[in-house]
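# requesting a structural model of the entry that follows:
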Amino acid sequence: MEPDRNGVKFGLFWLVPGISRLNATTFFFSSFMFVTLVTFMNFVQPYILDEILKVPAERQGSVTGMLNVMHECTALIIMGLVGSVSDRTGRRPIILIGFAIWIGGLILIPLSTTIMQLYIYRIITAVGVAVASVMVIATMQDYPQEVSRGKWGGFNSFVTSFAILTVSLVLVRLPNWFSQAGFDSVHAGRYTFWVGAGLAALVSIMIRVGYFSGRLSTAGQSLSPFAGFSAGMRAARSNPRLALAYGTAFAARGDLVVIGAFFSLWFLRAGAEQGISAADAIVRSGITMSALLAANWIWAPMFGFILDRINRVIGLCLAMLLAAIGYFTIGLVADPYETGTMMAATFVLGIGEISAVIAGNALLGQEAPAHIRGASVGVFGLVGTLGILSATYFGGQVFDKYDYSSPFTMMAGVNAVVALWALVVILLVAHKPAAAAG
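All right, here's what the predicted structure looks like:
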């Protein structure tokens, strides 16, 4: 591939004509902050249950599960149409609306006095998060030229991987800092969430200043939201590579939720059987998780370079094979407290997990027709949400019925199926990037 020299070069990346270096810089900042704020909400939510609502410990698990289900079901409803709307209006006004709703949710959540209020406020927040999520992914596909799409996605994954460190080293300490400053637990929790709202407001200002304000394609501007969404679905019927990208979302989002839901829980359950306290188990799981972050930092930029030099369907097949190997490897670990073995397996897992994310996004951006790219991203997000719900439900079932590593083995199978799907596409489908052709 050769770059279009009418566009600007920004470091290693060639940008689509009309996109500036300010637009690109703002995107990376917004992507990092999006992941930071989502992680922040998940980390701090237990404080609301424990210190503000005083939910009994034996009920906190079920309440948390219900909050997560309500969040994902809300996303399932919202995502499909939001991207299509943005194809008509441009990304910037929609993402600003999403962040405005999100800010409102962050302000309201710590004001909850009952669990029902918390559910309502979390649904409001979920609307904002879903809208912002689709717009961040759509913008990620809009800005780079095809020649730089892999490197762009790899660098974005590298940047966003620092979000967990930001939350764990700074933001989760806010309740303690407010308590040390003399505030009671209720106000410490409220002020913590309101700091998050302030950060979301800062992101909104940066987006208003730095995001591209127009539309990169004027085709399809007359499509209604439902017609645009339908077009995004139909495009997969006529383009097997786009359908494959959608399928990757199911696996890759399921991968992420299995790590988030069952990695630390594995340490907790295994630790209880060995007489290890819950506090120590969480510390050990966090130390082990550092191997996954190290894999992301090392491998994400490298894999991005690889994707720009090979057929991206072949790259996706390789990525899903790496993911299958990674999840199968960690599924073979008998005891997570065998530190060397577990960290090595987690490193391999990290390589596979981040490969699936980068390759799926690169293929989506390449194959989604430019005039319905937002709608295609909405479908991609909807399929990913189905992956989250499926992995959460079935992962929990196999975790309880078989052994603690079985959710990871389950996802190894899911990734292997997508790898085989990619192989079929490679062997049977002629290659012609739809986005470039459009």
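# tell me where this structure has strands.
For the chain, the strands defined by DSSP state E occupy 9-10, 13-14.
# contacts for the last one, please.
Meaning strand 13-14. Residues outside strand 13-14 that contact it (Cβ atoms under 8 Å, 6 or more residues apart in numbering): 3-4, 7-8, 24, 144-145, 147-148, 151-152, 155. Every C-beta, even on glycine, is put in place using the N, C-alpha and C of the backbone.
# just checking: what are the partner strands of that strand?
strand 9-10 (antiparallel) (DSSP bridges).
# and the partner strand, what's its mean pLDDT?
In this model, strand 9-10 has a mean pLDDT of 94.
# residue ranges of each domain in this protein, please.
18-216, 218-430 (automatic domain parsing).
# could I get those domains as a markdown table with mean neighbour count and distance to residue 12?
Output for the domains of the chain, formatted as a markdown table (neighbours: other Cβ atoms under 10 Å; distance: least, Cβ to Cβ, whole Å):
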| stretch | mean neighbour count | distance to residue 12 |
| --- | --- | --- |
| domain 18-216 | 19 | 5 |
| domain 218-430 | 21 | 9 |
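# in a markdown table, list these along with mean pLDDT.
Listed next are the domains of the chain as a markdown table, based on pLDDT from 0 to 100:
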| stretch | mean pLDDT |
| --- | --- |
| domain 18-216 | 91 |
| domain 218-430 | 88 |
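# ok, the residue nearest to residue 216 when sequence neighbours are not counted to residue 33 distance?
Spatial nearest neighbour of residue 216, excluding adjacent residues (Cβ to Cβ, 6 or more residues apart in numbering): residue 142 at 5.6 Å. Distance of residue 142 to residue 33, computed by Cβ to Cβ, to the nearest Å: 18 Å.
# closest to residue 111 among the contacts of strand 13-14?
Of all the contacts of strand 13-14, residue 111 sits closest to residue 24, with 37.5 Å by Cβ to Cβ.
# residue contacts, that closest one?
10, 13, 15, 143.
# of the residues you listed, select the buried ones using a PyMOL command.
Here is the PyMOL selection string for the buried members of the contacts of residue 24, based on 16 or more other Cβ atoms under 10 Å:
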select buried, resi 10+13+15+143
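# could you pull out the helices for the stretch 1-150 of the chain?
Assigned by DSSP state H, counting those that start in this stretch, the helices in the stretch 1-150 of the chain fall at 21-47, 57-89, 91-108, 115-142, 149-160.
# now the ones you listed in JSON lines, with distance to residue 337?
Formatted as JSON lines, the helices of the stretch 1-150 of the chain follow (distance: least, Cβ to Cβ, whole Å):
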{"stretch": "helix 21-47", "distance to residue 337": "24"}
{"stretch": "helix 57-89", "distance to residue 337": "23"}
{"stretch": "helix 91-108", "distance to residue 337": "37"}
{"stretch": "helix 115-142", "distance to residue 337": "34"}
{"stretch": "helix 149-160", "distance to residue 337": "29"}
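# of all these, which lies closest to residue 206?
Closest among the helices of the stretch 1-150 of the chain, using Cβ to Cβ: helix 21-47, at 5.7 Å.
# if we can go back for a sec, now for the contacts of strand 13-14, which pair is the farthest apart?
4 and 155, at 19.7 Å, using Cβ to Cβ across those.
# quick check: residue 126 touching residue 79?
No - between residue 126 and residue 79 there is no contact under Cβ atoms under 8 Å: 10.6 Å.
# run through the residues that contact the residue nearest to residue 137 when sequence neighbours are not counted.
Spatial nearest neighbour of residue 137, chain neighbours left out: residue 377 (5.0 Å); criterion: Cβ to Cβ, 6+ apart. By Cβ under 8 Å, 6+ apart, the contact set of residue 377 is 83, 134, 137-138, 141, 364, 368.
# for the residue of the chain most remote from its centre, phi and psi?
The outermost residue of the chain relative to its centre, with distances by Cα atoms, centre = their mean, is residue 182 at 36.3 Å. Torsion angles at residue 182 (phi, psi; degrees, to the nearest 10) stand at phi 110, psi 0.
# what of residue 161?
phi -70, psi -20.
# so what's it closest to, chain neighbours aside?
residue 296 (4.1 Å).
# so who does that neighbour touch?
157-158, 161, 350, 353-354.
# for those residues, name the two members farthest from one another.
It's 158 and 353 that sit farthest apart of those, by Cβ to Cβ, at 13.6 Å.
# distance check, the residue lying closest to residue 235 once chain neighbours are set aside against residue 418.
Sequence neighbours aside, residue 242 is the residue nearest to residue 235 in space, at 5.5 Å (criterion: Cβ to Cβ, 6+ apart). To residue 418, residue 242 is 14 Å away according to Cβ to Cβ.
# list the residues that contact residue 398.
406-407, 409-410.
# 6 Å instead?
406-407, 410 (Cβ atoms under 6 Å, 6 or more residues apart in numbering).
# now it. Nearest residue, chain neighbours left out?
Using Cβ to Cβ, 6+ apart, the nearest residue to residue 398 is residue 406, at 4.1 Å.
# go on, residue 380?
residue 249 is the one closest to residue 380 (Cβ to Cβ, 6+ apart), at 4.9 Å.
# again, but for residue 68
Residue 68 sits nearest to residue 392 (Cβ to Cβ, 6+ apart), 7.0 Å away.
# mind checking how far that neighbour is from residue 415?
17 Å.
# please apply the same query to residue 143.
28 Å.
# again with residue 312
17 Å.
# residue 259 now?
For residue 259, the distance to residue 415 - Cβ to Cβ - is 13 Å.
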